[in-house]
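>>> got a sequence here, can you build the structure:
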Amino acid sequence: MLISPGNLLSKINSPEDLRKLKPSELPQVCNELRQYIIDIVSVYGGHFGASLGVVELTVALHYVFNTPDDQLIWDVGHQAYGHKILTGRRERFHTNRTLGGISGFPNRKESNYDAFGVGHSSTSISAALGMAVASDLLENNKKRQHIAVIGDGAMTAGLAFEGMNHAGTSDSNLLIILNDNCMSIDPNVGALKAYLTDITTSQTYNKLRDEAWHLLGKLSNFGISAQEIVSKVQNALKTTLLNQSNLFESLGLRYFGPIDGHDIDHLTHVLSDLKHIPGPKLLHCLTVKGKGYGPAEKDQTKWHAPGLFDKVTGEIEKKVYTTPQPPKYQDVFGHTLVELARSNKNIIGVTPAMPSGSSMNIMMKEIPERAFDVGIAEQHAVTFSAGMATRGSVVFCNIYSTFMQRAYDQVIHDVCIQGLPVIFCLDRAGLAGADGATHHGAYDIAYMRCIPNMIVAAPMNEQELRNLMYTAQLDEIQQGNAAFTIRYPRGQGVMPDWRTPFEKLPIGKGRKLRDGDTVAILSLGHVGNFAAAACDSLEGKGIQAAHYDLRYAKPLDFDLLHEVFQKFEKVVTVEDGCLQGGVGSAILEFAADHGYKSDVKRLGIPDQVIEHGEQNELYSLCGYDQKAIEKAVLEMVVAGHSVPSQ
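Numbering: from 1, shown residues only. Down below sits the predicted model:
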């Protein structure tokens, strides 16, 4: 489908083209850019509200600053659609997030305008400060600008505060732009949100702000030096604010704002003035997530990434099925957690800023006093959970696999070394799909199974997820002084009738799903369904493959593995995780430790960065979908010269 940009936007193939325009033409550019994002995302999908909210800011930044020499970092990266369109990727923008197309996030390999890869949040300040220091040290370049645009709740993460703490003691040419829209995917939470709200609503503060901006405006009008103006601005803004000091000023950052982030004329003037003020500084911009598209402004969570929709009616496209469909794993988690919490008063749910994405919002609605959204703060989420566990709480700490990486030290130091039975439910484990390399949960099997006092499990279906959750919260398991990781993928399961009675699953015990005499397939988690389908197909070709569902990557079922290696010379392992250090590696370790010589073929995510695409496309690309499993078995059987006669 051909989607044409507006008259001005069609002529902008780089920021240099944008800078040729008159200031009076910028509002039209903003309107055309916003409409183009709406047109493309409505037809092709992707993130939505965040980029609409920074259209004016995007145009102003590229208009005022000399990108790409001036370094511009978007944090979080789903704000960057307008940035991509203005920086030479307009004609390819419809390929966003598709296999072989452009990334949904800034990517250094994609464009020199993408100064830093940003998929996870809260990295921009540290990265921009590093760039500024390097520019000074290596190039003696103090004129280059380094801009970090941090928004969508990213300021709540500890890394953002660590970066600001360092930046405030430096003389680096760093501009932090706080895109304050009171949202992550869900509404922001915590004291920082309240603090920023107080700033924006304080009449006393806003009077000081207006006086400060009046002084700042004299910079360009009367030629007063930047040093003199900033001194006056500082004197104004460092006065008492709501009977307390300004947080950012206390960290050594010159604070400016708050200003209207949708006023393109004012934005360009302010940014032009700030270019001439040296040192670290922060500009506080107020924006509306979903700005310019009515439905997205009214329901910002729903329109974070709505899928395909009718841009005229605002109706989001939904597939219509004639038969009952399996639920998403995340919804099975959410409903099961409430079910368990109603019968176990000690159960508490914790998530870092992902209540909708993880379905923790179900418990937050049903039992709000026992469900916590702690903001984008995975490290805090884990240690907060550990603290509650010391007092007897049964904590389900629900974090996307890729985001758990940020809290790895806390898992080791605060949970496992102390033998605390926190239950980690890792959503989006394995290949996550269109969000790409930064969001794949590729590494959790490897990084969790190497920690003492840790159980690692993965359900093959919804019933198994329910039973693993039920098992993890039992008193006898909670008293075992071990954390319990349950990993499950993004998307649908396989059981339309999934509300089954709970059953305790013995720790470290798998199950044999199918007997065979030629080759054994050992699977972990949802990919066991691919293996089951492969076994069906292979049977039609005369090959009887045995299939075992491991259930646990740690502890392994030694009895099951002894059975497999004593009977089969050919073994295939399948996992939705990295091959290096994964469950296949664990099985090879077992075989080596016990002197088995069977031929083992491991299928999973190879040792490379996997980019974006649909999950099924990526399973095939990485070689562990149904067809790849069949191929691996056939190759092993042929190599063993034991192909049955047809």
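>>> which element is Asn107 on?
Element membership for Asn107, per DSSP states H and E: none, as it lies in no helix or strand.
>>> meant to ask about Met388, not that
Counting by DSSP H and E, Met388 is found in helix 378-390.
>>> what of Tyr255?
Tyr255 belongs to strand 254-260, assigned by DSSP H and E.
>>> how far off centre is that strand?
28 Å (CA atoms, centre = their mean, to the nearest Å).
>>> each with direction, which strands does it pair with?
Paired neighbours of strand 254-260 in the sheet (DSSP bridges): strand 281-286 (parallel).
>>> show me which positions of the partner strand end up buried.
281-286 (16 or more other CB atoms under 10 Å). For glycine as for every other residue, the C-beta is placed from the backbone atoms N, C-alpha and C.
>>> could you list the low-pLDDT ranges of the stretch 51-200 of the chain?
Within the stretch 51-200 of the chain, the set of residues satisfying pLDDT under 70 comprises 183-200.
>>> oh, that last question was meant for the chain, not what I typed.
In the chain, residues with pLDDT under 70: 1, 183-245, 640-646.
>>> hey, which strand is longest across it?
strand 570-578 (DSSP state E).
>>> OK, contacts around Glu126?
Wrong residue type there; residue 126 is Ser, not Glu. Applying CB atoms under 8 Å, 6 or more residues apart in numbering to Ser126 gives the contacts 159, 162-163, 166.
>>> please disregard the earlier target; I meant Ile587.
522, 556, 561, 571, 573, 600.
>>> could you measure from it over to Lys319?
38 Å (CB to CB, to the nearest Å).
>>> hmm, Val76 and Gly104 touching each other?
No - at 10.9 Å, Gly104 and Val76 do not qualify as touching, with contact defined as CB atoms under 8 Å.
>>> how about the strand holding Tyr255 as PDB, C-alpha atoms only?
Only the C-alpha atoms of strand 254-260 are listed here, as PDB (Å, rounded to 0.1, in the frame of the first residue of the first chain):
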ATOM      1  CA  ARG A 254      21.200  23.500  35.500                       C
ATOM      2  CA  TYR A 255      17.500  23.100  35.400                       C
ATOM      3  CA  PHE A 256      15.200  24.900  32.800                       C
ATOM      4  CA  GLY A 257      11.500  24.500  32.500                       C
ATOM      5  CA  PRO A 258       9.000  23.200  32.500                       C
ATOM      6  CA  ILE A 259       8.000  24.200  29.000                       C
ATOM      7  CA  ASP A 260       5.400  23.100  26.500                       C
END
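>>> rewinding a little: in strands, which of the contacts of Ser126 fall?
Filtering those for strands - DSSP E - leaves nothing at all.
>>> tell me where the stretch 501-646 of the chain has strands.
For the stretch 501-646 of the chain, strands defined by DSSP state E, counting those that start in this stretch occupy the ranges 511-514, 519-523, 545-549, 552-554, 570-578, 599-605.
>>> nearest to Glu56, out of these?
strand 599-605 (40.1 Å; CB to CB).
>>> who are the packing partners of the closest one?
In terms of contacts (3 or more CB pairs under 8 Å, 6 or more residues apart in numbering; DSSP states H and E), strand 599-605 is packed against strand 570-578, helix 583-593, helix 626-639.
>>> again, 6 Å this time
Other helices and strands packing on strand 599-605, by 3 or more CB pairs under 6 Å, 6 or more residues apart in numbering; DSSP states H and E, are strand 570-578, helix 626-639.
>>> so of those, which one's packed in deepest?
Mean neighbour counts were taken over the helices and strands packed on strand 599-605 using mean count of other CB atoms under 10 Å, and the top value, a mean of 27, falls to strand 570-578.
>>> ok, back up a step: between the buried residues of strand 281-286, which is nearest Gly88?
For the buried residues of strand 281-286, the nearest to Gly88 is Cys285 (25.3 Å; CB to CB).
>>> how long is stretch 451-461 from one end to the other?
Start-to-end span of stretch 451-461 (CA to CA, to the nearest Å) is 26 Å.
>>> coming back round to it: PyMOL command to pick out the buried ones of the contacts of Ser126?
To isolate the buried ones among the contacts of Ser126 in PyMOL, judged by 16+ other CB under 10 Å, type:
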select buried, resi 159+163+166
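>>> turn the contacts of Ser126 into CSV, columns for distance to Pro368.
Output for these, formatted as CSV (distance: CB to CB, whole Å):
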residue, distance to Pro368
Leu159, 29
Glu162, 31
Gly163, 33
His166, 37
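>>> about what we covered before: pick the most deeply packed of the strands of the stretch 501-646 of the chain.
Most buried among the strands of the stretch 501-646 of the chain, counting by mean count of other CB under 10 Å: strand 519-523, with a mean of 29.
>>> now the element after the helix holding Met388, going C-ward?
Assigned by DSSP H and E, the successor of helix 378-390 is strand 394-400.
>>> show residues contacting that following strand.
The contact list for strand 394-400, computed with CB atoms under 6 Å, 6 or more residues apart in numbering, reads 337, 346-351, 358, 360, 378, 381, 385, 388-389, 422-425, 427-428, 473, 478.
>>> from those residues, which ones fall inside strands?
Short answer: those in strands (DSSP E) are 347-351, 423-425, 427.
>>> just the terminal-to-terminal distance for stretch 417-431.
29 Å.
>>> next: stretch 594-612.
Across stretch 594-612, the terminal residues are separated by 40 Å (CA to CA).
>>> ok now that stretch, how far from the chain's centre?
For stretch 594-612, the distance to the chain centre is 26 Å (CA atoms, centre = their mean).
>>> name the residues that touch it?
97, 103, 434, 436-437, 440, 442, 565, 569-575, 577-580, 582, 584, 588, 622, 624, 632, 636.
>>> can you do 7 Å?
97, 103-104, 431, 434-437, 440, 442, 565, 568-575, 577-580, 582, 584, 587-588, 591, 618, 622-624, 628-629, 632, 636 (CB atoms under 7 Å, 6 or more residues apart in numbering).
>>> what of stretch 19-35?
5-6, 8-9, 18, 52, 55-56, 59, 63, 82, 85, 264-265, 268, 292.
>>> one more time with 6 Å
With CB under 6 Å, 6+ apart as the criterion, stretch 19-35 contacts 6, 8-9, 52, 55-56, 59, 63, 82, 264, 292.
>>> repeat for stretch 342-360
By CB under 6 Å, 6+ apart, the list of residues contacting stretch 342-360 reads 153, 184-186, 301, 330-331, 333-334, 337, 340-341, 361, 363-364, 370-378, 381, 385, 388, 393-398, 427, 473.
>>> wait, Gly46 sits on Asn96?
Yes - judged on CB atoms under 6 Å, Gly46 makes contact with Asn96 at a distance of 5.2 Å.
>>> now do the shared contacts for the two.
With CB under 6 Å, 6+ apart, Gly46 and Asn96 have no common neighbours.
>>> hang on, the earlier thing: okay, the contacts of Ile587 in CSV with distance to Tyr488 next?
Converted to CSV, the contacts of Ile587 look like this (distance: CB to CB, whole Å):
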residue, distance to Tyr488
Leu522, 19
Leu556, 19
Leu561, 23
Val571, 25
Thr573, 19
Val600, 25
